[in-house]
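In: got a predicted model here, sequence first, then my questions.
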Amino acid sequence: MSSNESMMEPGATPGGRRIGASRWVMAATAWETVLGVILVAIFILNSAISPYFLDLGNMLDATTFFLETAIIALPMMLVIICADIDISVASIISLSSVFMGMAAQEGHVPLFWLPIIGILVGVAAGFLNGILITGLNIPSIAVTIGTLSLYRGISYVILGDKAYTKYPASFEYFGQGYVGPTHIPFELVLFLVLAVIFGLLLHRTPFGRKVYTVGNNSTAARFSGVRVQRVRLTAFTLNGLMSGVAAVLLTSRIMSTRPNIAEGWELQVITIVVMGGVSIMGGKGNIFGVILSIFSIGFLRYGMSLVNIPGTVMNIVIGFLLIIAIMLPGALASLRRRLIVRAAHAGSAGPGTEDIEQAG
Amino acid sequence: MKSVLALLRRREASLVVFGIVLVALIAIRAPRFLDPKNLQYVLDDTSILIMVSLGQLLVILIGGIDLSVASGIGLSGMITALINKADPGIPMVGIVAIALGIGVILGSFNGFLVSIAKIPPIITTLGTLSIYRGVVFLFSGGAWVSADEMSKAYRDFPHFSILGFTTLMIAALVIFIIIATFLRYTRTGRELYGVGGNLTAAQYVGINLRKANFLPFLVSGIIVGLAGLLWISRYASAQNDSATGFELQTVAACVIGGVSIAGGKGTALGVLLGAILLGIIKNALTLIDVSPFWQMALQGFVILVAIVTNTLVDRRNERRALERRSLA
């Protein structure tokens, strides 16, 4: 069970067989448990079909192929919990990568400027999204459909059908390097650090609590003194920031930039977040679900690639997983209700139905 | 006089004015644009966008979105092309029926997931976007169907013309008339506005929500089925990534046409004009010697301008309405 749910759980009366049973039922039917089981199943399946899967070195290297989308999934989690959406993230990667490429072609730009440029472009793009959305109070999907076209369009205007490939050799560290003498990719370490930061931000800070409030009921949030638009603006700017970081990692990993870089990634990122148990209606979700979802989808793709299943066919599996993932919580909630009622009948009194409703 | 002003204040009128100004500017730079041949080409080129956007309109009206349309086009197009390749003898009527049938299946699947399984439309169609595109690959095995593998009847189908109206234009026009009439004059059509405008109220007045949530996806699917056949036969090449990204253009046409993405607001005429405006921009760029690489950025810019003006105009109208009430 996640820290978030246990924090929100009302009236946990100590002792009592009834509470113990319902707690067990809730843990067993929690979405994170289901994801954990899925992840284990994927590991067993993968190692059964391919002898190369369980190699630790391979597995560590494989993470770099999905951690760039994963890094954007972290702030996207905040955006979606705010009941917003951002489909421009892949276009931000493109724009940010093009600006890094432009700087790199000059030749005499110091290495440390490249990631800074990439990240600043990301922040600017995310901030513009946020300003348009919150300043005029326009639905986020409408604005980001526009900026999806605009940002990638600017990349096409600048680069056309050409490519930037003249990156300094040392630039490859961010996407291809290992930390010290170990075989742990820099991307993996960076992701873990960021995951901890976003986890703390969401679950241990006032800002995180405000994110949930905004997503649950923005009117109530406003009347409770939460500056709703500022919370949303922050979420969109963080999304731009992390898209910039992802652009640095991706560009460094493939050492080239074309305008169509990362095309379609926005849907992958949203899929990860939603499969992680974050409600698209906002107000619900936690970091543990999202992290489990990142590794489930990542290793599922990796396993399928080991047995040469083409990417578009993988998408069928991911698509069905997404739909099933959304249907399951409803089914689980009713299963949970039934199990708890049964446990209650075994005990003396019936459980408070509100407790169960809240946990669902 | 008053009614003329009211007419001018309408969304569609401002679109027409904007379109005329745009066309005039283009015509000054490139008089060729007004050539009847070119205008016919623009309409031909925009027909598929018009029809698929009209399906998208129904879905957006109920507060949903259909992101699977481009994948559906790819799938319907690929299957009809493969059938045509396998047996060139099947008459076009049969192929059209198959395309529509595929559309019914794709649309019903989306509709089922949204109305019965109660999955939010954006998640449903995000999933089926991946699934339908993947199924294209399962059918094709990764290969293309090229022009010389298609029968002449198949390739000529979209270009068949009566009095200068091609199959493409006729299909778009017929779909426009059907949807405009449906939304304006039928009870179910009006109910879609109710569901998107105020779901709770719609529920209380007894609107059948299952039907209102299913029907738009079904209709969008049927249009997509036909559009797939037209798309692939027009470009005479069925590829695995045909029409990728087209879903966003259909949403863009709706947004430019004044459809509220939150649901409950928008007209078929607005969408028609929005799609034509996008088509004009696309065509004009090549005529006035601007690199086609500008198209995407311009499209994004136009979408943003459209939604910002939409919002500001709506706000002003709401304020005026409130002022009028307080005066009365």
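Out: Perfect, thanks for sending it.

In: and the stretch 101-250 of chain B, which residues reach chain A?
Out: Within the stretch 101-250 of chain B, the residues that sit near chain A (C-beta under 8 Å from any C-beta of the partner chain) are B:113, B:117-120, B:122-124, B:126-131, B:133-138, B:142, B:240, B:244-245, B:248. For the C-beta atoms, the positions are set from N, CA and C on the backbone; glycine is no exception.

In: filter these to the buried ones?
Out: Using 16 or more other C-beta atoms under 10 Å in any protein chain shown as the burial test, those include B:113, B:119-120, B:122-124, B:126-131, B:133-137, B:240, B:244, B:248 as buried.

In: in helices only, show me those.
Out: The helices, defined by DSSP state H, take in B:113, B:122-124, B:126-131, B:133-137, B:248 from those.

In: I'd say residue A:271 and residue A:315 touch.
Out: No - with contact defined as C-beta atoms under 8 Å, residue A:271 does not reach residue A:315; the gap is 9.6 Å.

In: where do the contact lists of the two overlap?
Out: Taking C-beta atoms under 8 Å, 6 or more residues apart in numbering or on different chains as the contact rule, the neighbours common to residue A:271 and residue A:315 are residue B:130.

In: spatially central residue for the chain, please.
Out: Using chain A here. Geometric centre of chain A, nearest residue: residue A:73, 1.9 Å, by C-alpha atoms, centre = their mean.

In: actually chain B
Out: residue B:53 (1.3 Å).

In: quickly find the element holding that residue.
Out: helix B:36-61 (DSSP states H and E).

In: returning to what we had before: now do the contacts for the residue nearest to the centre of chain B.
Out: So residue B:53 contacts B:249-250, B:253-254, B:257, B:271, B:274-275 (C-beta under 8 Å, 6+ apart).

In: put together TSV for these, with distance to residue A:334 on each row.
Out: Below are the contacts of residue B:53 laid out as TSV (distance: C-beta to C-beta, whole Å):
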residue	distance to residue A:334
B:249	40
B:250	36
B:253	41
B:254	36
B:257	42
B:271	40
B:274	43
B:275	44
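
In: hmm, back to that, separation between the residue nearest to the centre of chain A and residue A:242?
Out: Going from residue A:73 to residue A:242 by C-beta to C-beta, to the nearest Å gives 9 Å.

In: for chain B, see how far away the residue lying closest to residue A:233 once chain neighbours are set aside is.
Out: Computed as C-beta to C-beta, 6 or more residues apart in numbering or on different chains, the closest residue to residue A:233 that is not its neighbour in sequence is residue A:130, at 4.0 Å. Counting by C-beta to the nearest C-beta, to the nearest Å, the separation of residue A:130 from chain B is 14 Å.

In: and residue A:130, how many neighbours?
Out: Residues near residue A:130, counting by other C-beta atoms under 10 Å in any protein chain shown, number 26.

In: elements contacting the longest helix along chain B?
Out: Looking across chain B with DSSP H, the single longest helix is helix B:295-327. Contact partners of helix B:295-327 among helices and strands, from 3 or more C-beta pairs under 8 Å, 6 or more residues apart in numbering or on different chains; DSSP states H and E: helix A:140-159, helix B:246-256, helix B:268-287.

In: just checking the distance from the shortest one to the centre of its chain.
Out: Pointing back at helix B:246-256 there. Distance of helix B:246-256 from the chain centroid (C-alpha atoms, centre = their mean, to the nearest Å) equals 7 Å.

In: how about the residues of the stretch 201-350 of chain A near chain B?
Out: A:259, A:263-264, A:267, A:270-271, A:274, A:280-281, A:310, A:312-316, A:318-320, A:322-323, A:326-327, A:330.

In: pull out the buried members of the residues you listed.
Out: Counted by 16+ other C-beta under 10 Å, those give A:259, A:267, A:270-271, A:274, A:280, A:312, A:314-316, A:318-319, A:322-323, A:326 as buried.

In: where in chain A is pLDDT low?
Out: Within chain A, the ranges that satisfy pLDDT under 70 run A:1-25, A:27-29, A:347-360.

In: mind giving me the domain split of it?
Out: Following automatic domain parsing, chain A resolves into domains at A:1-50+A:294-360, A:67-275.

In: what's the most buried one of those domains?
Out: domain A:67-275 (a mean of 21; mean count of other C-beta atoms under 10 Å in any protein chain shown).

In: what about the strands in the stretch 151-300 of chain A?
Out: Here the stretch 151-300 of chain A has no strands by DSSP state E, counting those that start in this stretch.

In: the helices in the stretch 51-200 of chain A, which residues?
Out: A:56-81, A:89-106, A:113-135, A:140-159, A:173-176, A:186-204 (DSSP state H, counting those that start in this stretch).

In: what comes into contact with the shortest one?
Out: Contacting residues not belonging to helix A:173-176 are listed as A:64, A:115, A:185-187, A:248-254 [C-beta under 8 Å, 6+ apart].

In: ok so, going back, figure out which of the helices of the stretch 51-200 of chain A is closest to residue A:299.
Out: Nearest to residue A:299 among those is helix A:56-81 (7.4 Å), distances taken as C-beta to C-beta.

In: report the distance from that closest one to the chain centre.
Out: Distance, centroid of helix A:56-81 to centroid of chain: 7 Å (C-alpha atoms, centre = their mean).

In: is any residue of it near chain B?
Out: No - residues of helix A:56-81 are not located near chain B by C-beta under 8 Å from any C-beta, the shortest gap being 10.6 Å.

In: what angle sits between that helix and helix A:89-106?
Out: Relative orientation of helix A:56-81 versus helix A:89-106 (axes from the mean of the first three to the mean of the last three C-alpha atoms, to 10 degrees): 120 degrees.

In: tell me what helix A:56-81 is packed against?
Out: By 3+ C-beta pairs under 8 Å, 6+ apart, helix A:56-81 packs against helix A:186-204, helix A:206-216, helix A:228-254, helix A:265-275, helix A:287-306.

In: export those to a markdown table and append columns for distance to residue B:75.
Out: Shown next, in a markdown table, are those (distance: least, C-beta to C-beta, whole Å):
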| stretch | distance to residue B:75 |
| --- | --- |
| helix A:186-204 | 35 |
| helix A:206-216 | 35 |
| helix A:228-254 | 29 |
| helix A:265-275 | 17 |
| helix A:287-306 | 21 |
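
In: of all those helices, which lies closest to residue A:346?
Out: helix A:287-306 (30.4 Å).

In: from the contact counts, what lies against the helix or strand just after that closest one?
Out: Next helix or strand after helix A:287-306 toward the C-terminus (DSSP H and E): helix A:311-346. Using 3+ C-beta pairs under 8 Å, 6+ apart, the elements in contact with helix A:311-346 are helix A:17-29, helix A:31-49, helix A:265-275, helix A:287-306, helix A:353-359, helix B:121-140.

In: can you list contacts of the second one?
Out: Applying C-beta under 8 Å, 6+ apart, the set of residues contacting helix A:31-49 from outside is A:1-2, A:27, A:53-54, A:275-277, A:286, A:288-289, A:292-293, A:295-296, A:299-300, A:302-303, A:306-307, A:328-329, A:332.

In: which one of the ones in helices among the buried ones among the residues of the stretch 101-250 of chain B next to chain A is nearest to residue B:64?
Out: residue B:122 (7.5 Å).
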